[in-house]
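> Please find the sequence and the predicted model below.
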Amino acid sequence: MGYRYHEEQRRCWDFSTAELGSLFRKERSAYRYKIFPQHKENSILIHWRYKICDWCYEFIDHYNFDREVVGVAIYYFDRYISSQSSCESVHTKAKFQIIAVTSLFLAIKIHS
C-alpha cells in the first residue's frame, strides 16, 4: 500500500509541475504588458492615469464601495491601454474617460 500511495503522489506532483510550467510560459508570452506603454503621448497617459485614479477613489468613497476595487479597475485600465491594439487609438480625453469608467464598472460588478 505504501508504494502505491507514493507512486500516485509522484504522478500528481509531475502533473502539477507540468501544468505550472505551462502556465508560466503562457504568462511570459501572451499576458505580458507594460504599465506605461512607450508611445509619443506617454506623459499625457501618466497625467491622465493619475487623474483617473483620483477620480476612481472619490467615486468609490462617495458610494461606499470597497477601496480595493480601484486597484482592480486600474489594473484593467492599464491592461487595456497597454494592449497593442489600443495604443494607437487612445489619444483623447474622452477615450481615456470611457476606458476608466468601463474599467471601474467591471471591477465593481465583478469584485463587489
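Looks like it came in fine.
> which residues of this protein fall in helices?
2-29, 42-62, 68-82, 84-87, 93-111 (DSSP state H).
> Lowest mean pLDDT across those helices, which one is that?
Across the helices of the chain, helix 84-87 has the smallest mean pLDDT, namely a mean of 54.
> Any buried residues in stretch 51-62, and which?
For stretch 51-62, the neighbour count (16 or more other Cβ atoms under 10 Å) marks Ile52, Cys53, Cys56, Phe59, Ile60 as buried. Every residue, glycine included, has its C-beta placed from N, CA and C.
> Could you do stretch 102-112 as well?
Ser103, Leu104, Ala107, Ile108.
> Using PDB, write down the CA coordinates of that stretch.
In PDB, the C-alpha atoms belonging to stretch 102-112 read as follows (Å, rounded to 0.1, in the frame of the first residue of the first chain):
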ATOM      1  CA  THR A 102     -15.700  50.900 -18.100                       C
ATOM      2  CA  SER A 103     -12.800  49.500 -16.000                       C
ATOM      3  CA  LEU A 104     -14.400  50.800 -12.800                       C
ATOM      4  CA  PHE A 105     -17.800  49.400 -13.800                       C
ATOM      5  CA  LEU A 106     -16.400  46.000 -14.500                       C
ATOM      6  CA  ALA A 107     -14.300  46.000 -11.300                       C
ATOM      7  CA  ILE A 108     -17.400  46.900  -9.200                       C
ATOM      8  CA  LYS A 109     -19.600  44.300 -10.800                       C
ATOM      9  CA  ILE A 110     -17.000  41.500 -10.500                       C
ATOM     10  CA  HIS A 111     -15.400  42.300  -7.200                       C
ATOM     11  CA  SER A 112     -18.200  43.900  -5.100                       C
END
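> Use 35 as the first number from now on
Sure thing, new numbering starts at 35, so read that last one as stretch 136-146.
> contacts for it?
For stretch 136-146, the surrounding residues in contact (Cβ atoms under 8 Å, 6 or more residues apart in numbering) are 90, 93, 99-100, 102-104, 106-108, 110-111, 114.
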